[in-house]
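Visitor: Starting from these lines, generate the structure:
(one chain, ligands or ions: 1)
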Amino acid sequence: MIDVSGLRKVYRDRGREVVAIDGVDLHVREGEIFGVLGQSGAGKSTLLRCVNLLERPTAGTVSVAGQELTRLGESDLRRARQRIGMIHQHFALLSSRTVAGNVAFPLEVMGVEKAERARRVAELLELVGLADKAGTHPAQLSGGQKQRVGIARALAGNPSVLLSDEATSALDPGTTQSILALLKRLNRELGLTILLITHEMNVIKSICDSAAIMRDGLIEESGAIPELIAKPGSRLTAELFPLPAPEPGTVTITFTGQADEPVVSQMVRKFDVDVNILGGVLEEVAGVSAGRLRLRLTGAERAAALTYLSERGLLVEEAPAAERAGASGISVTSQVEEIA
Ligand SMILES: Nc1ncnc2c1ncn2[C@@H]1O[C@H](COP(=O)(O)OP(=O)(O)OP(=O)(O)O)[C@@H](O)[C@H]1O
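Guide: Numbers count the residues shown, from 1 in each chain. Predicted coordinates for the structure are as follows:
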């Protein structure tokens, strides 16, 4: 649905080049919610603005719904943008217009005639739960209500794609969850593809099907969330399920979807091993239960038991035993001796 290939964006700032996007490929499938997670300055906003070409990329191509936007001239691009809605962190509403007037605005620009406009505005306000606020001005609304207006306005042109620029960052946690639930409902009911950028893991965890982690203008990892969780060394997994650094000889198992199966107790019954659970985190992610457990596993059949866990689809990662930890162990000892 959205295909970004070899995207680069270089800004000139007081004679200096700032590389905001340094060669990014992104594939967002039709009907999914795709979240790009990253710290401030990672390049997320630039990436989003390049997707609807509010920013012209320095290099690379952007296609949305089969149309290569980077090839279009300004007037074709304006038409194509009507099929791409956008919502903003600070809502970007017109304070002089009522709620209905804000939602009607893009329809006026599109030349939709008055009666049809009124019908469509009423339908959109109903959709976002603001039918009773049509005559209210933005200043009289809460942050969550303002974002609902922003969403209704973004949907006016019946877009197939919605871009969300930190849409919940200015909202309190309860309101954030209600806006995320609305986005999920619109995604399901309208088949809307959503590309969102955020610095909040909670947003990724709550509604995204796929995610990318962005840092310094690059995508570090990207894909369907269950696949990312199952990938050894995934940064997304480490941030979703934070556990302390593993002690030597411990085992970390990561699971997605197998949370209902008594895999660990079956392993203990099948093999001559003892299990000590040192820590764990369990979360509902992308609609499935997923998590990580830190175990100390001892006994004659330890290796076979770990193979059994891998065969059951769990990701098994072993921290090296103390005697195999090598140079770091030795240097710690010598430091201690030196201090003594
Ligand atoms: N118009 C501009 N001119 C010069 N540099 C820019 C411009 N816009 C962004 N940048 C720079 O590009 C880099 C990426 O910025 P961008 O706003 O895309 O990051 P971000 O991940 O969205 O961060 P934030 O969440 O703080 O907005 C930063 O170093 C930023 O200073």
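
Visitor: The chain against the ligand: which residues are in contact?
Guide: 11, 13, 18, 20, 38, 40-46, 199 (CB under 6 Å from any ligand atom). Glycine gets a C-beta too; all of them are placed from N, C-alpha and C.

Visitor: Please identify which of those is nearest to residue 279.
Guide: Nearest to residue 279 among the residues of the chain next to the ligand is residue 199, at 25.8 Å by CB to CB.

Visitor: before we move on, the earlier item: of the residues of the chain next to the ligand, grab the buried ones for ChimeraX.
Guide: Buried subset of these, written as a ChimeraX selection, criterion 16 or more other CB atoms under 10 Å:
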select :20,38,42,43,44,45,46
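
Visitor: Tell me which of the residues of the chain next to the ligand fall in helices.
Guide: 44, 45, 46 (DSSP state H).

Visitor: quick one: the helices in this protein?
Guide: Under DSSP H, the chain gives helices at 44-51, 74-81, 99-109, 114-127, 143-154, 173-190, 201-207, 225-229, 235-240, 263-270, 302-311, 327-339.

Visitor: tell me the contacts of the residue most central in space within the chain?
Guide: The residue lying closest to the centre of the chain (CA atoms, centre = their mean) is residue 35, at 2.3 Å. Counting by CB atoms under 8 Å, 6 or more residues apart in numbering, residue 35 touches 196, 197, 198, 203, 204, 207, 208, 210, 211, 212.

Visitor: could you redo the last one with a cut-off of 10 Å?
Guide: 44, 164, 194-198, 200-201, 203-213, 225 (CB atoms under 10 Å, 6 or more residues apart in numbering).

Visitor: And residue 238, by the same measure?
Guide: Here residue 238 is in contact with 254, 292 (CB under 10 Å, 6+ apart).

Visitor: Just the local confidence number for it, please.
Guide: Confidence at residue 238, expressed as pLDDT, is 87.

Visitor: And the one 5 residues further on, by the same measure?
Guide: Reported pLDDT at residue 243 in the predicted model: 88.

Visitor: Just confirm it contacts residue 277, I think it does.
Guide: No. Using CB atoms under 10 Å, residue 243 is not in contact with residue 277; the gap is 11.6 Å.

Visitor: between those two, what contacts are shared?
Guide: With CB under 10 Å, 6+ apart as the test, residue 243 and residue 277 both reach 293, 294.

Visitor: Same drill for those two, tell me which one is more crowded.
Guide: Comparing residue 243 with residue 277 by other CB atoms under 10 Å, the one with more neighbours is residue 243, at 16 against 10.

Visitor: count of residues packed around residue 173?
Guide: Neighbour tally, residue 173, other CB under 10 Å: 9.

Visitor: I am assuming it contacts residue 202, so please confirm or correct that.
Guide: Yes. Between residue 173 and residue 202 there is a contact under CB under 10 Å: 8.0 Å.

Visitor: Nearest to the ligand: which residue in the stretch 51-200 of the chain?
Guide: Here the stretch 51-200 of the chain gets closest to the ligand at one residue, residue 199, 6.0 Å apart by CB to the nearest ligand atom.

Visitor: Check what pLDDT that residue gets.
Guide: Residue 199 is given a pLDDT of 93.

Visitor: and it, what are its phi and psi?
Guide: In terms of degrees, to the nearest 10, the main-chain angles of residue 199 are phi -110, psi 10.

Visitor: Show the contacting residues for it.
Guide: 36, 37, 38, 39, 40, 42, 44, 166, 169.

Visitor: so of the residues you listed, which ones are in strands?
Guide: 36, 37, 38 (DSSP state E).

Visitor: got a markdown table for these, with distance to residue 183 too?
Guide: Shown next, in a markdown table, are the ones in strands among the contacts of residue 199 (distance: CB to CB, whole Å):
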| residue | distance to residue 183 |
| --- | --- |
| 36 | 15 |
| 37 | 16 |
| 38 | 19 |
